[in-house]
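Visitor: attaching a predicted model along with its sequence, questions to come.
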Amino acid sequence: MKFFAASVLALAGFAAAVPKTSQPKCKTTKSVATFDDQSYTLALPIVNPVGTYKGLHYEGFSGADTELFGLSIQPVKPPSPPNVIAFGLLNQLTQGTPTVTVVYPGSKSKYLNLHSLYFACFVDTIESIINLPQPACTLKVHGFRDGQEVVTKSFDFKAGSPLLAAKPVKANFEKGTWCNLDTVTFEAESTIPILNAVAIDNIDYTLLDKNCHPKL
């Protein structure tokens, strides 16, 4: 009996002496993508691919400067001037579906949680200095995880005066459903589908690094 008790105590002491392996902690990074620290060619936005910005990779988007010498020259008034990103038919033909993703070489993130963004529609005449207001459109946003669409939502935009720059609509995404995504895609519908384009600004999101393993 004494031998058994001693053995138990010895094993307990050995277990206590073995160092515990600490698991890497899940790191989250909250960001708002305003694109205002980027330099975009004014006359032809199609030559301004967004690429990778603040941990997200953008495909099918162009960066656009909405001001010239501090004055607005676009039919869209962004919440944080001067820059926005935009997509239209030419983007989709040359760059593919408008997409935001954490899946790209060198990415440090596993998932993203999408919180909100601002968007407005306009008639894309290719040359940024002569773009025109778009009366209305619908923006459809699709969230994916591991190649499967898991959530989608639509937002309507209606312009005010056709003579004034349109005020973007804020699109909010539910906390419980727009989370743990790896890819988000966008599409737009309007009465002028060929020339329809969408400007997006102030994307609010949180990145989860590769040590995060949320319950899905």
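Guide: Yep, that arrived.
Visitor: which residues in this protein form helices?
Guide: With DSSP state H as the criterion, the chain has helices at 2-17, 89-95.
Visitor: run the chain-centre distance for the shortest one.
Guide: Remark: helix 89-95 is offset 18 Å from the chain centroid, using C-alpha atoms, centre = their mean, to the nearest Å.
Visitor: what packs against that helix?
Guide: Packing partners of helix 89-95 (3 or more C-beta pairs under 8 Å, 6 or more residues apart in numbering; DSSP states H and E): strand 56-65. Backbone N, C-alpha and C define where each C-beta goes, glycine included.
Visitor: mean confidence for the strand it packs on?
Guide: Average pLDDT, strand 56-65: 94.
Visitor: picking that back up, and the helices of the chain, which one averages the lowest pLDDT?
Guide: Among the helices of the chain, helix 2-17 scores lowest, with a mean of 46.
Visitor: dump the residue contacts of residue 62.
Guide: Remark: with contacts taken as C-beta atoms under 8 Å, 6 or more residues apart in numbering, residue 62 is in contact with 40, 45, 46, 47, 48, 49, 50, 85, 86, 87, 91.
Visitor: of those residues, select the buried ones using a PyMOL command.
Guide: This is the PyMOL syntax for the buried subset of the contacts of residue 62, where burial follows 16 or more other C-beta atoms under 10 Å:
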select buried, resi 40+45+46+48+49+50+85+86+87+91
